[in-house]
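# Got a sequence here, can you build the structure:
(one chain, ligands or ions: 1)
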Amino acid sequence: MKKHHLQLGLWAAALLTFSETAFPAEPRPTLKDAYKDQFYVGVAVNRTIAMGAAGTADNVNRNSDQVQKDAQTVLQQFNQVVAENDMKWALIHPQQGADGFDFGPADAFVDFGLRNHMYLVGHTLVWHGQTPIWVFQGTNPPPVREKDDAPNAASKRFRYDGPRASREELLARMREHIHTVVGRYKGKIKVWDVVNEAISDKGSDLLRDSLWMEIIGPDFIAKAFEYAHEADPDAILRYNDYGLENPTKRQKLITLIKSLQAQKVPVMAIGSQTHVSVSGPSFEEMDRALTEMATLGLPIHITEFDVNSARTGQGTTGADISGNSTTTQGGLVENADQRLADQYAALFKAFLKHKDVVKIVTFWGVNDGVSWRAKGKPLLFDSDNAPKPAFDAVIRAATDSK
Ligand code: XIL
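This next block holds a predicted model:
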């Protein structure tokens, strides 16, 4: 009996020694530590994380165990947060009138961020997407359209042909919305996406056709920035768009921002969504994109970073959200894990090269399980929050640069 005990003891001791060698006690580095001298490393959080409650929100369904682990990863790895949906007009201001706001989830997000000492970003004040139709409704007759004239054709979901608000009414609604939302979180939310995705993907059109454009005209952008600046003069005000890796779209961005700057509009940062894929952009293309955007003299924030690994999602630019689901079908590319790691390494190398202007890098979701492009497995953690090879590649990019 005694001998047996001893043998067991030896066996346990041997196991311990083995495990100490195989799994050194040194903790794995975290993203926020690896990049702490370079830029904030942020993440979009969904309502389940912000509220600490299981459920269905932001197109995901997580049980309480998963929510807890998702939140742990957020706290462990990131030092900046943005609400994935809850500050969009349709969510925070669904109805007209004094009682039309729904601040619950947005307040929970702000509490979550402040409680955990994170840098808070607000997304987004003026956008053609996720905005209720009441915003544009009024008593003015809708425009008469030719059969084939399809404004907002990029997405019919954003079209409304009923009676409309006047320019003055819509500007007044925009101002009230911005003042209420920005004012509520003044001093807490440090950066705002003021205007989202206003640039057109079509031909030589500078601005996207939208109800903002049709009713107010191109100066809806300048007005939104002016109102946001009135509401919180200390907030960093950002213009945010996607596809800026594409030289044509980027040239439009440069034209737009220069014209805003010439009019003394308080645009203070460029948000580049950076929804890209394992096929591109390359390091060189990202390097060039950042070099050109930096000529505007504003900080650059990588605002919605993810890297699509789905076979059908390898077009590198121009992925409008309305086409998102079709870009994540058909399974993953071959060697997806390795290609994802290589692509993340290349793009972080470019961000590091431009660390003087790149101030924030935000991932659009904490892990593949909650990603808006879940089928494209675009993030650094799998749906169980286990780090993927891409995570190690991102950490290595930081270490290699020192
Ligand atoms: C996405 C969210 O991730 C989804 O949950 C939602 O259903 C649609 O919007 N560009 C943006 C983000 O600026 O707000 C979008 O977020 C992704 C594309």
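# What is the burial count for the closest residue to residue 64 other than its chain neighbours?
In space, and not counting its chain neighbours, residue 64 is closest to residue 54: 4.1 Å by CB to CB, 6 or more residues apart in numbering. C-beta coordinates here come from the backbone N, C-alpha and C atoms, glycine included. Per other CB atoms under 10 Å, the neighbour tally for residue 54 reads 15.
# Pretty sure residue 54 sits against residue 48.
Yes - between residue 54 and residue 48 there is a contact at 6.5 Å, judged by CB atoms under 8 Å.
# Show me the common contact partners of the two, please.
Common neighbours of residue 54 and residue 48 (criterion: CB atoms under 8 Å, 6 or more residues apart in numbering): 62, 67.
# can you list contacts of the host helix or strand of residue 399?
For residue 399, the enclosing helix or strand under DSSP states H and E is helix 389-400. Identification of contacts with helix 389-400 by CB under 8 Å, 6+ apart yields 28-29, 31, 34-35, 38, 307, 337-338, 340-345, 348-349, 352, 379-381.
# try 6 Å this time
29, 34-35, 337, 340-341, 344-345, 348-349, 380 (CB atoms under 6 Å, 6 or more residues apart in numbering).
# quick one: which of these sit in helices?
34, 337, 340-341, 344-345, 348-349 (DSSP state H).
# Using neighbour counts, trim those to the buried set.
34, 340-341, 344-345, 348-349 (16 or more other CB atoms under 10 Å).
# Max pairwise distance over these: which two?
Distance extremes for those: the farthest pair is 34 and 340 at 17.8 Å, using CB to CB.
# What are the phi and psi values at the residue lying closest to residue 73 once chain neighbours are set aside?
Distance criterion CB to CB, 6+ apart; nearest residue to residue 73, sequence neighbours excluded, is residue 385 at 4.7 Å. Reported as degrees, to the nearest 10, the phi and psi values for residue 385 are phi 70, psi 20.
# need the contact list for residue 385.
Residue 385 touches 69, 73, 367, counting by CB under 6 Å, 6+ apart.
# where are the low-confidence patches of this protein?
Applying pLDDT under 70 to the chain flags residues 1-25, 146-157, 316-326.
# Tell me the residues of it that contact the ligand?
Applying CB under 6 Å from any ligand atom, one finds that the chain approaches the ligand through 58-59, 84-85, 196, 273, 304, 321, 372.
# could I get the residues you listed as JSON lines with distance to residue 101, secondary structure and neighbour count?
Shown next, in JSON lines, are these (distance: CB to CB, whole Å; DSSP: H, G, I helix; E, B strand; the rest coil; neighbours: other CB atoms under 10 Å):
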{"residue": "58", "distance to residue 101": "19", "secondary structure": "coil", "neighbour count": "22"}
{"residue": "59", "distance to residue 101": "23", "secondary structure": "coil", "neighbour count": "12"}
{"residue": "84", "distance to residue 101": "19", "secondary structure": "coil", "neighbour count": "28"}
{"residue": "85", "distance to residue 101": "15", "secondary structure": "coil", "neighbour count": "22"}
{"residue": "196", "distance to residue 101": "19", "secondary structure": "strand", "neighbour count": "23"}
{"residue": "273", "distance to residue 101": "26", "secondary structure": "coil", "neighbour count": "24"}
{"residue": "304", "distance to residue 101": "25", "secondary structure": "strand", "neighbour count": "22"}
{"residue": "321", "distance to residue 101": "24", "secondary structure": "helix", "neighbour count": "15"}
{"residue": "372", "distance to residue 101": "25", "secondary structure": "coil", "neighbour count": "22"}
